[in-house]
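J.: Prediction below, plus the sequence it came from.
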Amino acid sequence: MEFEGRKDGALTAVQLADNDGALVTNTAGQYTDAARHGRLFSVANSAAVATTAAAATTWTGLGVANPTGSGKLLILLQFGWALSVVGPDEGIIGLMAATDSDFAAAITVRCAKYAAGASVAYADDGATIVSPVLERVVSTYGTGAISTWHGAGPQVYNIDGSIILPPGRAICTYTTTATTAAFQFSYLWEEVDA
């Protein structure tokens, strides 16, 4: 809820009303409004993917790029990952930001409101990226005994809008070591006018 200052210094809540003046409330989930209006998108690689080590510019994993000139901002909400087989190594998993240079629409992006508009974003499992920088460390993989990782099952990191991709930027998976085809990843984001 936003607050607006009054002249006497007290804060009051700013509330949303519809065209008839009735108070608008949301009893649904936090992303329902974005989904209902066709602004919520997701992507996941359906087959396990190999990853490159660290901040390689010839990168593989799963990434989302906001093309130059799209006119949209991509507000990242969630990042998910899971191992489909025993982890091949030990390391850190994270997210890195980069400049998009050759992302393709290799993996289909889905609108949460089925049959609604298309995303401006490209999703790819391998591309040449420029100036990759580790943005967030989100977990570890394969630590302890390689065959028994205690964080089993899909993991979700809530970004909650704290990373926003303007046109010409990409977000990519990051692993400290190169891995064989073991990881499956996903992203959830909202698209708004820039």
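T.: Happy to help now that I have it. Numbers count the residues shown, from 1 in each chain.

J.: Let me see the ranges of the strands in this structure.
T.: 3-5, 11-13, 40-44, 49-51, 58-66, 72-83, 91-100, 110-111, 122-141, 155-165, 169-175, 179-193 (DSSP state E).

J.: okay, those in TSV with mean neighbour count next?
T.: Glycine gets a C-beta too; all of them are placed from N, C-alpha and C. Below are the strands of the chain laid out as TSV (neighbours: other Cβ atoms under 10 Å):
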stretch	mean neighbour count
strand 3-5	9
strand 11-13	9
strand 40-44	22
strand 49-51	22
strand 58-66	24
strand 72-83	20
strand 91-100	21
strand 110-111	16
strand 122-141	18
strand 155-165	15
strand 169-175	25
strand 179-193	20
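
J.: want to throw the ones you listed into TSV with distance to Ala34?
T.: Shown next, in TSV, are the strands of the chain (distance: least, Cβ to Cβ, whole Å):
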stretch	distance to Ala34
strand 3-5	23
strand 11-13	22
strand 40-44	4
strand 49-51	27
strand 58-66	16
strand 72-83	9
strand 91-100	21
strand 110-111	10
strand 122-141	18
strand 155-165	11
strand 169-175	18
strand 179-193	5
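
J.: so how far is Gln155 from Ala65?
T.: Here Ala65 is placed at a distance of 23 Å from Gln155 (Cβ to Cβ, to the nearest Å).

J.: tell me which helix or strand of the protein sits lowest on mean pLDDT?
T.: Within the chain, confidence by mean pLDDT, DSSP states H and E is lowest for strand 3-5 among all helices and strands, at a mean of 49.

J.: Check the burial of Thr57 by counting its neighbours.
T.: 13 (other Cβ atoms under 10 Å).

J.: hang on, it packs against Val130?
T.: Yes: Thr57 lies in contact with Val130 (Cβ atoms under 8 Å); the separation is 6.7 Å.
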